[in-house]
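Enquirer: only geometry, no sequence info:
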Ligand code: PMP
């Protein structure tokens with residue numbers, strides 16, 4: 001290896017991955033790693049899935065690429081039909097892109113164009129939540145709720161303000177019911193709208209289950225419904241970012257299905273291509289699409305690889321695997337086993353404050369003191385030590401740390417393939433517990 005590639009870190013040279021097999025990745029030295037996070041919640045079918053390989057070979061033999069400025073293609077049309085057939089109510093159109101940030105970027109631009117076309121061009125602001133991640137391109141970055149990611153790139157192009165996330169473990173008060181907590185935290189959106197002037201806001205964006213930045217934190221019951229009501233009251237578009245939590249990860253095809261709340265736009269990516277192809281999608285309400293169709297008739301946006309036939313073929317095969325192997329049921333079943341196993345092994349651990357999540361999307365939050373929920377000193381970089389020790393032991397997991405609001409500590413996100421077996425879950429929990437103990441010792 002020449003070392004000419006650079007990624008995030010200029011200091012680390014990672015091992016060379018050469019093969020994948022089921023829930024494992026294998027490096028050039030033959031070492032096997034259990035993929036406990038599906039990379040970054042991507043590899044939902046595991047590695048080297050036969051249907052995916054066959055579908056991609058077959059598509060490659062027929063047609064690899066046709067620019068959407070001239071053509072549509074059978075796999076792209078089929079994919080859009082299949083997504084809409086299962087989509088939350090009101091979502092009727094699909095805009096295909098190449099990844100999560102592109103999907104979020106498209107959502108923000110479409111929201112803006114929609115309001116310009118319907119004569120409400122004063123609506124330009126976005127409201128999002130702290131401790132959220134929506135991508136790294138400039139618009140998506142503006143929406144993201146991590147100040148430290150944004151600060152060096154400001155001023156950002158989309159004026160965004162951030163309200164509190166729905167984060168029961170840290171914010172629900174003594175004696176407060178889940179419902180009352182959900183209402184109280186959702187009402188921060190109303191307060192923020194009043195502060196900004198509701199007519200200046202075009203959209204509110206959130207992840208129904210927060211992924212990377214907080215470690216699989218689901219909204220409490222009733223929260224998303226209340227958010228929906230507030231958006232409706234003020235004519236603000238609701239965008240659910242399901243790039244990480246969507247595509248079956250929570251045991252429902254779309255995470256918001258469990259909450260029975262439908263957004264105006266919904267983004268998916270990661271599990272949509274399952275790592276076999278880069279692909280993302282923006283699902284859009286009929287009302288937004290129709291307004292553009294009856295107005296300019298042209299969304300002023302686009303990418304070279306949108307609707308890519310190979311990517312769409314991969315996504316169609318992913319949907320077929322989920323449907324024909326009943327993988328949503330598997331996610332619910334194995335997700336419960338993972339949750340139980342984590343609680344048995346780590347539930348009484350003096351430094352595990354919270355275990356949470358839905359389906360095969362689980363988070364473990366580490367605290368220095370369980371009583372006060374005080375996080376570890378960020379200078380210890382506990383999450384990075386857990387990641388390194390787990391990796392040495394042959395486990396890929398997704399730890400993150402931060403001091404957002406001065407409170408959020410270290411956590412580990414788990415998002416294994418939907419095909420994970422009981423024995424692999426036992427291995428995952430065992431290696432994770434060992435890495436946590438090793439890192440804290
Ligand atoms: N939104 C969410 C919720 C994500 O988790 C991510 C990726 N971690 C993105 C957007 C951005 O996706 P991508 O990295 O594919 O651009």
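Expert: Yes, it's here. Predicted model, so just to flag it, every value in this text is computed and none were measured.
Enquirer: Quick check: the residue of the stretch 1-150 of the chain found nearest the ligand vs residue 76, distance?
Expert: Residue nearest to the ligand within the stretch 1-150 of the chain: residue 100 (2.1 Å; CB to the nearest ligand atom). For glycine as for every other residue, the C-beta is placed from the backbone atoms N, C-alpha and C. From residue 100 across to residue 76, the span is 18 Å (CB to CB, to the nearest Å).
Enquirer: who has more neighbours, the two?
Expert: residue 100 (30 against 23; other CB atoms under 10 Å).
Enquirer: The more buried one and residue 270 touch, don't they?
Expert: Yes: with contact taken as CB atoms under 8 Å, residue 100 and residue 270 are classed as touching, separated by 6.4 Å.
Enquirer: Now for the two: what residues contact both?
Expert: Counting by CB atoms under 8 Å, 6 or more residues apart in numbering, the contacts common to residue 100 and residue 270 are 243, 244.
Enquirer: Helices of the stretch 251-400 of the chain, start to end?
Expert: Here the stretch 251-400 of the chain has its helices, by DSSP state H, counting those that start in this stretch, at 255-259, 286-294, 309-324, 327-346, 382-392.
Enquirer: Show me how far the last one is from its chain's centre.
Expert: If you compare the mean C-alpha spot of helix 382-392 with that of the full chain, they lie 22 Å apart, counting by CA atoms, centre = their mean, to the nearest Å.
Enquirer: got any ranges where the protein has weak pLDDT?
Expert: Applying pLDDT under 70 to the chain picks out residues 402-407.
Enquirer: Show me how it divides into domains.
Expert: 17-48+326-440, 54-324 (automatic domain parsing).
Enquirer: Please produce a markdown table containing those domains, extended by distance to residue 10.
Expert: Below are the domains of the chain laid out as a markdown table (distance: least, CB to CB, whole Å):
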| stretch | distance to residue 10 |
| --- | --- |
| domain 17-48+326-440 | 16 |
| domain 54-324 | 16 |
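Enquirer: and this protein, which residues reach the ligand?
Expert: 40, 99-101, 104, 133-135, 207, 211-212, 241, 243-244, 269 (CB under 6 Å from any ligand atom).
Enquirer: can you do 8 Å?
Expert: Within the chain, the positions near the ligand by CB under 8 Å from any ligand atom are 40-41, 99-104, 132-137, 140, 207, 210-212, 241-245, 267, 269-270, 278, 280.
Enquirer: Can you tell me how far the residue of the stretch 1-150 of the chain closest to the ligand is from residue 238?
Expert: From residue 100 to residue 238 the distance is 18 Å (CB to CB).
Enquirer: Same question for residue 121.
Expert: Counting by CB to CB, the gap from residue 121 to residue 238 is 20 Å.
Enquirer: who has more neighbours, those two?
Expert: Remark: of residue 121 and residue 238, residue 238 carries more neighbours, 23 against 12, as counted by other CB under 10 Å.
Enquirer: Show me what counts as buried in the host helix or strand of residue 56.
Expert: Assigned by DSSP states H and E, residue 56 belongs to helix 50-62. By 16 or more other CB atoms under 10 Å, the buried positions in helix 50-62 come out as 52, 55, 56, 59.
Enquirer: likewise stretch 203-218?
Expert: For stretch 203-218, by 16+ other CB under 10 Å, it's 203-218.
Enquirer: One more: stretch 293-302?
Expert: Residues residue 299 are the ones in stretch 293-302 that count as buried (16+ other CB under 10 Å).
Enquirer: Now tell me what touches that stretch from outside.
Expert: 68, 69, 95, 106, 109, 110, 113, 117, 118, 292.
Enquirer: go on, stretch 233-242?
Expert: Residues from elsewhere that reach stretch 233-242 (CB under 8 Å, 6+ apart): 100, 104, 107, 111, 114, 120, 123, 127, 132, 134, 193, 198-199, 201-208, 227-228, 230-231, 254-256, 263-268, 288.
Enquirer: okay, how far is it across that stretch, tip to tip?
Expert: Using CA to CA, to the nearest Å, the end-to-end distance of stretch 233-242 comes to 24 Å.
Enquirer: One more: stretch 397-409?
Expert: End-to-end distance for stretch 397-409: 17 Å, by CA to CA.
Enquirer: cool, stretch 34-54 as well?
Expert: In stretch 34-54, first residue to last residue: 24 Å (CA to CA).
Enquirer: List the buried residues for it?
Expert: Buried positions in stretch 34-54, judged by neighbour count with 16+ other CB under 10 Å: 34-38, 40-47, 49, 52.
Enquirer: So the residue sitting nearest the centre point of the chain: helix, strand or coil?
Expert: Closest residue to the average C-alpha location of the chain: residue 244 at 1.9 Å, with CA atoms, centre = their mean. Classification of residue 244 by DSSP: H, G, I helix; E, B strand; the rest coil places it in coil.
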